[in-house]
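Peer 1: need a 3D model of the sequence below.
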Amino acid sequence: MRYSRSVKIGILKRVLPPENKSIRSTSKETGISEQTIRSWIKQSKTGIFDPVKDEKSPRHYSSREKYQLVMEAARVSEEKLGGFLRERGLHAEHLSMWDQELREIVTQKEDKKDKQLRTLKRQNRELEKELSRKEKALAEAAALLILKKKLDTLMTDPKDD
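Peer 2: The predicted structure follows:
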């Protein structure tokens, strides 16, 4: 079974100085085998595993990462969910909070899109009214121009000369 970096760091803090708890008691408390703990100690001493390097905590996950974890957890059976969560250093509460958070994000986006749609429809109606008004004004101006030309042609009739 794979354990998250945060679990490994927590165990190493218990068995290494300054706490110096015994590997056996730590193994019994956590359910992690003594050999696994010894392996982690060896890795930390050889530099393969650096416990000082911090892993990103669940509260710093991006929405995309949260979504992926929620979707992965949904596919895991109820019996294997505990192992799945331990491997990633999560709690069941994280999944439920993230699920709710993601649902709220989707709802907010939908509300925002609906609001934008209403705003665009209103602007479209206003622009159509303005266009209609300008078309009428243009038609009136064209009609006046035609009447003026007819009047000019009547006033400058060659018969009068």
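Peer 1: give me the three-state assignment for Ala74.
Peer 2: Under DSSP: H, G, I helix; E, B strand; the rest coil, the three-state class of Ala74 is helix.
Peer 1: should've said Arg2
Peer 2: Applying three-state DSSP: Arg2 is coil.
Peer 1: spatially central residue for the chain, please.
Peer 2: Centroid check for the chain by Cα atoms, centre = their mean gives Ser63 as the closest residue, at 4.0 Å.
Peer 1: tell me where this structure has helices.
Peer 2: Ranges of helices in the chain, per DSSP state H, are 5-15, 23-30, 34-46, 63-75, 81-88, 92-155.
Peer 1: most tightly packed of these?
Peer 2: Compared across the helices of the chain, helix 5-15 shows the largest average neighbour count, a mean of 18 (mean count of other Cβ atoms under 10 Å). No exception for glycine: its C-beta is placed from N, CA and C like everyone else's.
Peer 1: got the angle between that one and helix 23-30?
Peer 2: Between helix 5-15 and helix 23-30, the angle comes out at 140 degrees (axes from the mean of the first three to the mean of the last three Cα atoms, to 10 degrees).
Peer 1: quick check on Leu90: phi, psi?
Peer 2: Torsion angles at Leu90 (phi, psi; degrees, to the nearest 10) stand at phi -120, psi 170.
Peer 1: tell me the contacts of the nearest residue to it once chain neighbours are set aside?
Peer 2: Spatial nearest neighbour of Leu90, chain neighbours left out: Pro58 (5.7 Å); criterion: Cβ to Cβ, 6 or more residues apart in numbering. Residues near Pro58 by Cβ atoms under 8 Å, 6 or more residues apart in numbering: Gly89, Leu90, His94.
Peer 1: could these go into a markdown table alongside pLDDT?
Peer 2: Shown next, in a markdown table, are these (pLDDT from 0 to 100):
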| residue | pLDDT |
| --- | --- |
| Gly89 | 80 |
| Leu90 | 84 |
| His94 | 86 |
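Peer 1: ok, now which ones touch Ile32?
Peer 2: With contact taken as Cβ under 8 Å, 6+ apart, Ile32 is in contact with Tyr3, Val7, Ile11, Thr26.
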